[in-house]
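**Q** build me a structure from this.
(2 chains)
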There are 2 protein chains.
Amino acid sequence: MFATQNDRLLKQINFIVEIDKLKQVLRQNVPIGYTRNENDAEHSWHLAVMAIFLAEYSAAENLDVSRVIKMVLIHDLIEIDAGDTFCYDAKGYEDKAEREIRAAERLFKLLPEDQAEEIWGLWREFEEMKTPEACFAACLDRLQPLLVNYHTGGHTWQRPGVNRDKVLGRNEVLEKNAPEHCFVFCTVLLCL
Amino acid sequence: MFATQNDRLLKQINFIVEIDKLKQVLRQNVPIGYTRNENDAEHSWHLAVMAIFLAEYSAAENLDVSRVIKMVLIHDLIEIDAGDTFCYDAKGYEDKAEREIRAAERLFKLLPEDQAEEIWGLWREFEEMKTPEACFAACLDRLQPLLVNYHTGGHTWQRPGVNRDKVLGRNEVLEKNAPEHCFVFCTVLLCL
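**A** Numbers count the residues shown, from 1 in each chain, chains lettered A, B, ... in the order given. The predicted structure is shown next:
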């Protein structure tokens, strides 16, 4: 019994140590006031705090905010193996799903079986974007880079191949899932 | 009505932009495999994921995990103004509480009143360490640097004035609040 319990704990600790690598996965944008790239751990933290204070803007009633928070906390873990795919990089998107599923297979299976299932469920829900919680998590994942880009002189939007239509297209999810405020706010931002 | 709603949203967005600064608050330890210091945003993210997968080790039954997660996500925000106080720095601790309360006053009041109250409540609960959720959050706040230090050659423990007794003393909270596993694990770590 004790050995089995320790085995479970060691798997969990091994996973927690492994995901420290998320702090090394760099995104395209930079934190406000900095020239270094933001990393996925910082980004995920920011989304989780946003979930707490912006939940009221979800189009869905009775949103399970704690599931939104869990989803955004783990949504980018697969990038430890699969890397960050720039959202406006069509070529990178060709094998994105395949790379990410391989990553999820390796990473999530570090956990005890029941928790591996839990995290698979959370990640799949986020990716499929069918539940209100996943849709709102996607809104946060769009809004955070918008805010950071706005406050860093449109850092990422100046990359080759990125234009206003592509940015607006990527952020359409906000119109449907947080219509009253977030989309208005983002449109205002983009018009400035 | 619309103006008031926009005012509320603008306060929330202002807060979300302001807390981006947590990505610049450096801690004493380094992420595993890196020589740069870890920052508070990365640390807070790590604790929140740990809360999801280690909640079963809390000494308390019926732990409200979502409150633990919220607490660890916001527990270091005050360091945006107050800075990171090294946990083994007795002098730094002299005015720590005063500096942190001033920081909380400024930062939390950026939010609309109801949410300012919510975050004050969460932070105060974390600091007072009286509820099972706050005690477990404190355990995570002790365990994460232990794990990171262990995997970086005891980086922080090699600083002047830090010794085994001080590290064990700081981590006593684990013995009471996550007795079955975490303390055993940490003791094993420290004996290695």
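**Q** against chain B, how distant is the residue nearest to residue A:99 when sequence neighbours are not counted?
**A** The shortest distance from residue A:99 to any non-neighbouring residue, by C-beta to C-beta, 6 or more residues apart in numbering or on different chains, is to residue A:82 (4.0 Å). Using the backbone N, CA and C atoms, a C-beta is placed for each residue, glycine as well. From residue A:82 over to chain B the distance is 18 Å, taken as C-beta to the nearest C-beta, to the nearest Å.
**Q** wait, residue A:82 touches residue A:102, no?
**A** Yes. At 7.3 Å, residue A:82 counts as touching residue A:102 under the criterion of C-beta atoms under 8 Å.
**Q** which residues in chain A form helices?
**A** Remark: helices assigned in chain A by DSSP state H are A:2-18, A:40-54, A:65-74, A:79-82, A:90-94, A:96-108, A:113-128, A:132-150, A:164-170, A:172-177, A:182-191.
**Q** now tell me what touches the fifth one from outside.
**A** Outside of helix A:90-94, the residues within contact range by C-beta atoms under 8 Å, 6 or more residues apart in numbering or on different chains are A:85, A:86.
**Q** export it to PDB, keeping only CA atoms.
**A** Below are the C-alpha coordinates for helix A:90-94, written out as PDB (Å, rounded to 0.1, in the frame of the first residue of the first chain):
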ATOM      1  CA  ALA A  90      -0.300  28.600 -42.000                       C
ATOM      2  CA  LYS A  91       2.600  26.200 -42.700                       C
ATOM      3  CA  GLY A  92       3.200  25.600 -39.000                       C
ATOM      4  CA  TYR A  93      -0.500  24.700 -38.700                       C
ATOM      5  CA  GLU A  94      -0.200  21.800 -41.200                       C
END
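**Q** check the offset of that helix from the chain's centre.
**A** Counting by C-alpha atoms, centre = their mean, to the nearest Å, helix A:90-94 is centred 18 Å from the centre of its parent chain.
**Q** hey, least reliable of the helices of chain A by pLDDT?
**A** With a mean of 56, helix A:182-191 has the lowest mean pLDDT of the helices of chain A.
**Q** how much space separates the nearest residue to residue A:104 once chain neighbours are set aside from chain B?
**A** Distances taken as C-beta to C-beta, 6+ apart place residue A:78 nearest to residue A:104, at 5.0 Å, with adjacent residues excluded. Distance of residue A:78 to chain B, computed by C-beta to the nearest C-beta: 14 Å.
**Q** wait, what's in contact with residue A:78?
**A** A:100, A:101, A:103, A:104, A:107, A:123.
**Q** go on, residue A:99?
**A** So residue A:99 contacts A:81, A:82, A:83 (C-beta under 8 Å, 6+ apart).
**Q** my guess is the last one contacts residue A:25. True?
**A** Yes. Taking C-beta under 8 Å as the contact criterion, residue A:83 and residue A:25 are neighbours in contact, 6.9 Å apart.
**Q** of these two, who's got more company?
**A** residue A:25 (21 against 16; other C-beta atoms under 10 Å in any protein chain shown).
**Q** distance-wise, check the more buried one relative to residue A:150.
**A** Remark: distance between residue A:25 and residue A:150 (C-beta to C-beta, to the nearest Å) = 23 Å.
**Q** do residue A:59 as well
**A** According to C-beta to C-beta, residue A:59 and residue A:150 sit 23 Å apart.
**Q** now residue A:85
**A** For residue A:85, the distance to residue A:150 - C-beta to C-beta - is 22 Å.
**Q** ok, now residue A:46?
**A** Distance from residue A:46 to residue A:150, by C-beta to C-beta: 14 Å.
**Q** these two: which is more packed in?
**A** Each of residue A:46 and residue A:150 had its neighbours counted (other C-beta under 10 Å), and the higher figure belongs to residue A:46 (28 against 18).
**Q** quick check: the more buried one touching residue B:16?
**A** Yes. At 7.5 Å, residue A:46 counts as touching residue B:16 under the criterion of C-beta under 8 Å.
**Q** pull up the overlap in contacts between those two.
**A** Going by C-beta under 8 Å, 6+ apart, residues that sit against residue A:46 and also against residue B:16 are residue A:144.
**Q** residue A:76 and residue B:27, how far apart?
**A** From residue A:76 over to residue B:27 (counting by C-beta to C-beta), the distance is 21 Å.
**Q** what does residue A:43 give?
**A** As judged by C-beta to C-beta, residue A:43 and residue B:27 stand 18 Å apart.
**Q** looking at the two, which is more packed in?
**A** Taking other C-beta under 10 Å, residue A:43 and residue B:27 do not tie; residue A:43 has more neighbours (27 against 20).
**Q** right, and that one touches residue A:26 too?
**A** No. Between residue A:43 and residue A:26 there is no contact under C-beta under 8 Å: 10.1 Å.
**Q** the spatially closest residue to residue A:46 that is not a sequence neighbour: what's it in contact with?
**A** Spatial nearest neighbour of residue A:46, chain neighbours left out: residue A:144 (5.3 Å); criterion: C-beta to C-beta, 6+ apart. By C-beta under 8 Å, 6+ apart, the contact set of residue A:144 is A:43, A:46, A:47, A:50, B:16.
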